[in-house]
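In: okay, sequence plus prediction incoming.
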Amino acid sequence: DHPDTLTTRHNIAYWHAQAGEIQPAIAAFEDLLADRTRVLGPDHPDTLAMRHNIASYRAQAGEIQPAIAAFEDLLAAQTRVLGTDHPETLGTRQNIASYRAQVGEIEPAIAGFEDLLADQIRLLGPDHPETLGTRHWIAQLKGDIRAHDQALAGFEQLIRDATDALGADHAQTLRARSRRAYVLAQAGRTSEAIAAAETLLADQTRALGADHADTRTTAERLAQWRGEAG
């Protein structure tokens, strides 16, 4: 039960995960969680962090629904212990919404992100990278449910704000431009998507390099949309 012993067990589990041995990592973390709960108590920050790790690795292993359930249980504890405005509480809310989106629960995901956005604006400010990231999620999911006008309006405002706050070459700004082009193509506005992708590709090549994954994705989409346009 010595803290150093518990820390070493944590490190072993962590490096199992880093080596891609996710199930052994989860099993080790769960064994450690039982002892940390007994030694430190269920509300200790280290205990809560361990629960977060287990939920995250379950999601990484493809166990999305169990991960969502674990994050929801964790959220209740974090809200009680840390408060609704604590960064870790906000992070858990973001995880729940993003994993709901991943399993196709789009409407609950949008609702979760919209509630989170209101609190992020209040606590972090409208231009904080995490706030901008949540706005990206909302606009992206609006596109996924074919609310294209809302998605495009969201991305266009996001691009302006991200450019002002982070710069034109920042990864978040470029990703918002990429997704806007994608939504244009989704909406059947292929010529506009091509024009947006051509400009984006030049900027990504300059800012990120020709071999960056985002640059290559844009090049592939541009080729596809040109083919679709004849």
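Out: Yep, it's here.
In: where does this protein have low pLDDT?
Out: Across the chain, nothing is flagged by pLDDT under 70.
In: would you map the helices across it?
Out: 3-18, 22-40, 45-60, 64-81, 87-102, 106-123, 129-144, 148-166, 171-186, 190-207, 213-228 (DSSP state H).
In: export those helices to CSV and tack on mean neighbour count?
Out: Quick note: C-beta positions are derived from backbone N, CA and C, even for glycine. What follows is the helices of the chain, written out as CSV (neighbours: other Cβ atoms under 10 Å):
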stretch, mean neighbour count
helix 3-18, 14
helix 22-40, 17
helix 45-60, 20
helix 64-81, 17
helix 87-102, 20
helix 106-123, 17
helix 129-144, 21
helix 148-166, 18
helix 171-186, 22
helix 190-207, 18
helix 213-228, 16
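In: quick check: closest non-adjacent residue to residue 201.
Out: Nearest non-adjacent residue to residue 201, counting by Cβ to Cβ, 6 or more residues apart in numbering: residue 218, 4.8 Å away.
In: next up, the contacts around that neighbour.
Out: 178, 181, 197, 200-201, 204 (Cβ atoms under 8 Å, 6 or more residues apart in numbering).
In: and it, how close does it get to residue 210?
Out: Distance, residue 218 to residue 210, using Cβ to Cβ, to the nearest Å: 11 Å.
In: so residue 96 sits right up against residue 69, yeah?
Out: No: applying Cβ atoms under 8 Å, one finds residue 96 not in contact with residue 69, separated by 9.7 Å.
In: from residue 142, how far out is the closest residue to residue 59 other than its chain neighbours?
Out: Nearest residue to residue 59, sequence neighbours excluded (Cβ to Cβ, 6+ apart): residue 67, at 3.8 Å. When Cβ to Cβ is the yardstick, residue 67 and residue 142 sit 24 Å from each other.
In: repeat that for residue 125.
Out: For residue 125, the distance to residue 142 equals 23 Å [Cβ to Cβ].
In: equivalent analysis for residue 36, please.
Out: 41 Å.
In: swap in residue 157?
Out: 12 Å.
In: ok, residue 98 next?
Out: Taken as Cβ to Cβ, the span from residue 98 to residue 142 is 15 Å.
In: residue contacts, residue 12?
Out: Counting by Cβ under 8 Å, 6+ apart, the residues that residue 12 touches are residue 28.
In: from residue 175, how far off is it?
Out: 35 Å.
In: residue 153 now?
Out: Per Cβ to Cβ, residue 153 is found 17 Å from residue 175.
In: if we ignore the residues flanking it in sequence, what's nearest the most centrally placed residue in the chain?
Out: Using Cα atoms, centre = their mean, the residue of the chain that lies closest to the mean C-alpha position is residue 98, 5.9 Å off. Once flanking residues are discounted, residue 98 sits nearest to residue 137: 6.8 Å by Cβ to Cβ, 6+ apart.
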